[in-house]
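A.B. asks: coordinates for the following, if possible.
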Amino acid sequence: FTRTAVGADGKVSQSAQVAAGDLAELDTGVDVTGVFDAQETWQWIDPADPARTEDRMGQLHLYVSGMEQVGGDASGFSAVQQGSGTLSAGRGTAGGTTGYYLPGSLESLRVWTGAMSSDQVRSQVLESPDSI
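C.D. replies: Next up is the predicted model:
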């Protein structure tokens, strides 16, 4: 799950991504939920100089079958990001070229306004309508 910021020249200027730790089982359905919280702040620590830190904006969260995935490249953004580009599902774009296609199929896609908490993802997205 990747979130990018594009500069005035149309090129990706900043990005953040998070990925699942394990590969999904073949020929089975998997519920995947990605959340980008533009207002969530966190502190980046320079791996080469732990005394050097920066406040960053925006945090990605990825849930696979209800379990939040940890890790990834949480490089974040230097300012709040308001999306204004195209939403892509099952593909990616780099260097002006579209590729990185999902090796599978999407059964359904839902887009929510605003960032959801872990509890909201579990109760509103992952639970079946019969159990709510």
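A.B. asks: what residues sit buried inside the helix or strand hosting Asp119?
C.D. replies: Asp119 is part of helix 118-120 when elements are defined by DSSP states H and E. Within helix 118-120, no residue counts as buried by 16 or more other C-beta atoms under 10 Å. All C-beta atoms are positioned from the backbone trio N, CA, C, and that covers glycine.
A.B. asks: quick one: it to chain centroid distance?
C.D. replies: Relative to its parent chain, helix 118-120 has a centroid offset of 15 Å by C-alpha atoms, centre = their mean, to the nearest Å.
A.B. asks: neighbouring contacts of it?
C.D. replies: The contact list for helix 118-120 (C-beta atoms under 8 Å, 6 or more residues apart in numbering) reads 61, 63, 68.
A.B. asks: number of residues surrounding the second one?
C.D. replies: With neighbours defined by other C-beta atoms under 10 Å, the count for Tyr63 comes to 21.
A.B. asks: what sits closest to it if chain neighbours are left out?
C.D. replies: Thr33 (4.2 Å; C-beta to C-beta, 6 or more residues apart in numbering).
A.B. asks: just to be sure, that neighbour is in a strand?
C.D. replies: Yes. Counting by DSSP: H, G, I helix; E, B strand; the rest coil, Thr33 is located in a strand.
A.B. asks: for Gln14, see how far away Met57 is.
C.D. replies: 10 Å (C-beta to C-beta, to the nearest Å).
A.B. asks: if we can go back for a sec, where's the dip in pLDDT among the contacts of helix 118-120?
C.D. replies: The lowest pLDDT within those belongs to Glu68, with 80.
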